[in-house]
Each structure stands twice: as C-alpha cells, then as structure tokens.
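Asker: Need the 3D shape of this:
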Amino acid sequence: MSLWNQCVASWLGERCTIHSVPRRTGILPSMLSAALLFIGAMAGAAAQSAVVDVQHAWARATPPGAKTAAIYMTLVNHGPVDDRLLSVTTPIAGEAEVHITVSENGISRMRPAGPLTVAPGSPIELKPGGYHIMLMDLKAPLAEGQSVSVSLTFEKAGKIDTTAVVEKAGSMGPNEMPGMKM
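Answerer: Next up is the predicted model:
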C-alpha cells in the first residue's frame, strides 16, 4: 500500500484494498502520454505569458564624439501577468541597460535600474528625467532621422526587436511639435 493510500485509509478509519492495474506498454500509450504532457505544458505557458507592446521608441541626436545616449519608449503589457525587461542590446553601442534618473539634494543622477517590471494594463513610459535605456560606448554619433535597431529581452515575452527613430538634439519626445520648447 502506498503512503498516500495508507494516509487516506488511516484518516477514514477504514480498511482499504489496493488492486493493481496492469501496465500498458507499446508506442501508442507512450505517444499519447507525451502529447498530453506537451499540451499541458503549452497551456500552462500560455496562461503565464505576457504580450508586451513597444510604442514610440526614439532617441536624441548626439554631438560628434559622444560616448553615451539614451533611448526612450513606452512599454505596454497586454498579457495577464507581470513581465520584466531583463536586458537590452543594440548594434550601435557597446553596452545598453535600463537606467533611472533620480534627484538627490537637488542634483539629478542616473543609475542602473535593474530589471524593469511591466504590469498588465499599466504602461511604463521611458522618458527624459525618468526611466530610459542608457547606451554606453557609442560606436558612432546618433544623427537626426537615423533609425536605431534595439532588442529588448523580457522574462516572459522573450526577445522583442524594435526600431528607435533619432529626433533632433534636445527633443523631449518623438515628433515634437514645431516651435515647442521644453
């Protein structure tokens, strides 16, 4: 008698008789078991997956010789569970990571933010003065009108490739309205 059956029998205060069931062998039962395991795993993964949408990715033009820049965007999680932005890569920089700008004693400083959680239905705006993708060791300056390839890797949504459009130096957002100064 298995431990489980002993526990149940003991709890019920009854005597149990265990009958053994003959084990079926062959390829068909094995294939059926494998198919059921695969379907169960896929259903579990689908229930826990996140669908992240990357919107309005942009960067500012940089002066010649600049070694750093930032990319901004909005991340929207359309899935049922939280997801986390784990890493960022781009061919235009030696290193890219999520940073946050914090103010301490009236001085703004940027620091690594670590994985960024994107909750369902709560868009995260990466913008000047807040969260942003920090590019370090730029391979060339960013020029207005240029398109920059960026790969974002999320814990659940996986790798998402996007393109950031380079806006004019000092811009405060994508396609800033003419005449606006911020």
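Asker: Poorly predicted segments of the protein, please.
Answerer: The model of the chain has pLDDT under 70 over residues 1-50, 175-182.
Asker: could you pull out the strands for it?
Answerer: Ranges of strands within the chain are 52-60, 68-77, 83-89, 93-104, 107-112, 116-118, 124-126, 131-138, 147-154, 158-167, based on DSSP state E.
Asker: What residue, apart from its backbone neighbours, is nearest Pro91 spatially?
Answerer: Excluding the flanking residues, the one nearest Pro91 by CB to CB, 6 or more residues apart in numbering is Ser149, at 6.1 Å. No exception for glycine: its C-beta is placed from N, CA and C like everyone else's.
Asker: Run through the bridge partners of the one you found.
Answerer: Beta-bridge pairing for Ser149 (DSSP bridges): Thr163.
Asker: again, but for Leu138
Answerer: With DSSP bridges as the rule, Leu138 is bridged to Ala93.
Asker: Could you do Arg60 as well?
Answerer: Going by DSSP bridges, Arg60 forms beta bridges with Glu167.
Asker: Same check on Thr153?
Answerer: As for beta bridges, Thr153 partners with Ser87, Lys159 under DSSP bridges.
Asker: can you check Met73 too?
Answerer: Leu126.
Asker: Make sure it is actually in contact with Val52.
Answerer: No: using CB atoms under 8 Å, Met73 makes no contact with Val52, being 10.9 Å away.
Asker: and the closest residue to Leu116 other than its chain neighbours, what is it in contact with?
Answerer: Excluding the flanking residues, the one nearest Leu116 by CB to CB, 6+ apart is Leu85, at 4.3 Å. Applying CB atoms under 8 Å, 6 or more residues apart in numbering, we find Leu85 in contact with 75, 98, 115-116, 118, 152-154.
Asker: Out of those residues, grab the one that's most surrounded.
Answerer: Ranked by the number of neighbours (other CB atoms under 10 Å), the contacts of Leu85 place Leu152 first, at 26 neighbours.
Asker: That one touches Thr162, doesn't it?
Answerer: Yes: under the criterion of CB under 8 Å, Leu152 makes contact with Thr162 at 6.8 Å.
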